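**Student:** Predicted model, plus sequence, below.
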Amino acid sequence: MQPALKQRIFLAPTIIFWLLLITFAALRFPQPAIPSSLDKAWSYGFQEGREVPPQLLTGAVSLSAGQSLQLDDTYNLFFSNTPEFPSEAGILSRADDVLSASGAVRVLFSHMNLLINWSGGEPQNVPAAVGFAVENRTGRTLDVYAVRGSMARSRATDGSMLFLADAAPVKPGDSEPLYYGSAVGNYVVREFYLSEERGPVNLGRVQPGERLILSEDVGPRGWAVGMYDLALVDTATGQYLVRGDCGEAEKIGLETFIAPLEVNLDFFLGEQLRSGRVLSPGQNQGLHMRGLFVPGSYPNNPLGEAASKRFTINYSSFENGAASFALAAANASEPDVFANDLLLNGFDPYTPGVTGINKGSYGAEYAIKLELTGPVALVFQGALQTGFVDTCNQINTVWLDGAVKTVSIRDPNYDKYYTEFEALREPGYGQVIGIFPAAGKHEHLLRFMLAPNSYGPVRFYLFPLGPNS
């Protein structure tokens, strides 16, 4: 027998053995099907922008329940949402010492202009200036920078609506719809994120004892919303001003306000500040949604609170089924929210005995690092509260891997809310906001801020992409 023939005969059983072993392994441990394109993902029910029914979201394993976020103490948050519907001119919220240890402070305000002119024969809603002012109570000349920032109004002074997506169905007996403010609120969040691309903007120079004023002229029954990350530069040194640089008597103050259009705002604010008066929340206001929120641990919130929060999610589509996490907690009774996702300690020195609360963590920014293995779909779900007409038309904004996305989940029969309520679908629909088809390990960054006039908590879902999805 030829040597080559002998070698082939000798190797044949070995080759057959390995072929059998590989075949057995493939049958015993089948590899997950890996979608090679978005079309493949679609075949399993997921495509970016497509709505996901609540039945698919029910039963997901919570990755946030009982967990704690990492809290970042960079920013103090000056929050102004009370009174939400001011009908008289004045200071809406005020804090006289706002600098954080880092010097950074975030301003967020959201108010509907219901200012009334009583001088005519009939009381009448009129346009107003709504905004905020920075008070320089130091001995330094300061440049005020917006590291990020955006401000907008929902209604022009001539009464024309500038945002229409949040219009509610017209109530029987009414002549026009109500606008709930979520459209302009999400526009502000969107522009806030996009403003990162231009870098810090110098809003103006403020001499000692002077103030910098930013405002919008808002039409009657229009929303005014603004959000800014502020940093102050000492012009003498060129350095950012931090709390440790300030002497005991040196303070930076902030106030939000509503004023008639015809007044001199600098004079108006000076008079209001000297009076020490801040507008009352009103009889029907409910929660005291204003104050300066300073990062830290408090007796009623021992796990801590902050306006900047981080977390890392580890998820494998080969090992895990549907999973979820909740952000922007409204209260601790939600079983799946993070244990330290509440803002309960707003300092409001001009309302003695009352502590501000931020139900929904408005103005708080979440940075969620997604460490994923295998192909995954990311789904967004809005708040699940019922009994509010605008929860049937939710608008939210997310930042995902550098792209700012608007997520709109609207009941197809929303217009029948008041006339044929039973026609509405069940609440809890989601929407696909990301498809990640990579087979190996991959990382993504999700950032979220609950927009003013939207509802929390919201939830994000991770789904494996494959035959068993």
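**Tutor:** On my side now, so go ahead. If you're wondering where the values come from, they're calculated on a predicted model, not measured in any experiment.
**Student:** tell me the pLDDT at Arg28?
**Tutor:** Listed pLDDT for Arg28 reads 38.
**Student:** An error on my part: the question was meant for Thr386.
**Tutor:** 80.
**Student:** Which helix or strand contains the nearest residue to Asp166 once chain neighbours are set aside?
**Tutor:** Computed as CB to CB, 6 or more residues apart in numbering, the closest residue to Asp166 that is not its neighbour in sequence is Ala183, at 4.0 Å. (Each C-beta comes from the backbone N, C-alpha and C, glycine too.) In the assignment (DSSP states H and E), Ala183 maps to helix 182-194.
**Student:** Mind giving me the packing neighbours of that helix?
**Tutor:** strand 142-153, strand 223-234, strand 393-400, strand 403-410 (3 or more CB pairs under 8 Å, 6 or more residues apart in numbering; DSSP states H and E).
**Student:** For the first one, enumerate the helices and strands it packs against.
**Tutor:** If contacts are counted by 3+ CB pairs under 8 Å, 6+ apart, strand 142-153 sits against strand 128-137, helix 182-194, strand 201-206, strand 211-218, strand 223-234.
**Student:** CA atoms of the third one as CSV?
**Tutor:** Right, strand 201-206. This file holds the C-alpha atoms of strand 201-206, laid out as CSV (Å, rounded to 0.1, in the frame of the first residue of the first chain):
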residue,chain,number,x,y,z
VAL,A,201,-21.5,81.4,25.2
ASN,A,202,-20.8,84.6,27.0
LEU,A,203,-24.2,86.0,28.1
GLY,A,204,-22.8,89.2,29.4
ARG,A,205,-20.5,91.0,31.8
VAL,A,206,-21.8,92.0,35.3
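**Student:** Redo the helices and strands packed on helix 182-194 as JSON lines? Include mean pLDDT and distance to Glu135.
**Tutor:** Compiled in JSON lines, the helices and strands packed on helix 182-194 are given as follows (pLDDT from 0 to 100; distance: least, CB to CB, whole Å):
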{"stretch": "strand 142-153", "mean pLDDT": "98", "distance to Glu135": "11"}
{"stretch": "strand 223-234", "mean pLDDT": "98", "distance to Glu135": "11"}
{"stretch": "strand 393-400", "mean pLDDT": "98", "distance to Glu135": "31"}
{"stretch": "strand 403-410", "mean pLDDT": "98", "distance to Glu135": "32"}
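**Student:** export the ones you listed to JSON lines and tack on distance to Ala104 and mean neighbour count?
**Tutor:** JSON lines is the format used below for these (distance: least, CB to CB, whole Å; neighbours: other CB atoms under 10 Å):
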{"stretch": "strand 142-153", "distance to Ala104": "8", "mean neighbour count": "20"}
{"stretch": "strand 223-234", "distance to Ala104": "6", "mean neighbour count": "24"}
{"stretch": "strand 393-400", "distance to Ala104": "19", "mean neighbour count": "23"}
{"stretch": "strand 403-410", "distance to Ala104": "22", "mean neighbour count": "16"}
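**Student:** on that earlier part again, can you lay out the helices and strands packed on strand 142-153 as TSV showing distance to Glu422?
**Tutor:** Shown next, in TSV, are those (distance: least, CB to CB, whole Å):
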stretch	distance to Glu422
strand 128-137	40
helix 182-194	25
strand 201-206	51
strand 211-218	38
strand 223-234	31
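**Student:** which stretch among the ones you listed comes nearest Gly428?
**Tutor:** helix 182-194 (17.9 Å; CB to CB).
**Student:** Only the buried residues of that closest one, if you could.
**Tutor:** 182-193 (16 or more other CB atoms under 10 Å).
**Student:** Can I get those in a markdown table including pLDDT and distance to Leu303?
**Tutor:** Listed next are these as a markdown table, based on pLDDT from 0 to 100; distance: CB to CB, whole Å:
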| residue | pLDDT | distance to Leu303 |
| --- | --- | --- |
| Ser182 | 98 | 30 |
| Ala183 | 98 | 34 |
| Val184 | 98 | 33 |
| Gly185 | 98 | 28 |
| Asn186 | 98 | 29 |
| Tyr187 | 98 | 33 |
| Val188 | 98 | 29 |
| Val189 | 98 | 26 |
| Arg190 | 98 | 31 |
| Glu191 | 98 | 32 |
| Phe192 | 98 | 27 |
| Tyr193 | 98 | 28 |
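**Student:** Where do the helices of the stretch 51-200 of the chain begin and end?
**Tutor:** 54-57, 182-194 (DSSP state H, counting those that start in this stretch).
**Student:** hang on, the earlier thing: of the helices and strands packed on helix 182-194, which is nearest Ala133?
**Tutor:** Closest of these to Ala133 is strand 142-153, at 10.4 Å (criterion: CB to CB).
**Student:** ok, the closest one: who's next to it in the sheet?
**Tutor:** Here strand 142-153 has these sheet partners by DSSP bridges: strand 201-206 (antiparallel), strand 223-234 (antiparallel).
**Student:** Just give the number of residues close to the residue lying closest to Leu115 once chain neighbours are set aside.
**Tutor:** Leaving aside its chain neighbours, Leu115 sits nearest to Ala128 (4.2 Å; criterion: CB to CB, 6+ apart). Neighbourhood size, Ala128 [other CB atoms under 10 Å]: 29.
**Student:** And Asn314, by the same measure?
**Tutor:** Asn314 - counted by other CB under 10 Å - has 11 other residues nearby.
**Student:** Over to Asp97?
**Tutor:** Neighbours around Asp97, by other CB under 10 Å: 16.
**Student:** what's it in contact with, if anything?
**Tutor:** 251-253 (CB atoms under 8 Å, 6 or more residues apart in numbering).
**Student:** That one and Ala326, how far apart?
**Tutor:** Here the criterion is CB to CB, to the nearest Å. By it, Asp97 lies 34 Å from Ala326.
**Student:** what do you get for Ile116?
**Tutor:** 40 Å.
**Student:** same question, Val389
**Tutor:** 23 Å.
**Student:** and if you look at Asn202?
**Tutor:** Asn202 is 38 Å from Ala326, by CB to CB.
**Student:** where exactly do the strands run in the stretch 351-469 of the chain?
**Tutor:** 356-358, 365-373, 376-381, 393-400, 403-410, 430-436, 441-448, 458-464 (DSSP state E, counting those that start in this stretch).
**Student:** So which other helices or strands are in contact with the first one?
**Tutor:** Applying 3+ CB pairs under 8 Å, 6+ apart, one finds that strand 356-358 makes contact with strand 75-80, strand 290-293, strand 343-347.
**Student:** Return the last one as PDB; C-alpha atoms alone will do.
**Tutor:** Spelled out, it's strand 343-347. Extracted C-alpha coordinates of strand 343-347, given in PDB (Å, rounded to 0.1, in the frame of the first residue of the first chain):
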ATOM      1  CA  LEU A 343     -35.100  65.400  44.800                       C
ATOM      2  CA  LEU A 344     -36.800  66.200  48.100                       C
ATOM      3  CA  ASN A 345     -34.900  69.100  49.600                       C
ATOM      4  CA  GLY A 346     -35.200  72.400  47.700                       C
ATOM      5  CA  PHE A 347     -34.100  75.300  49.800                       C
END
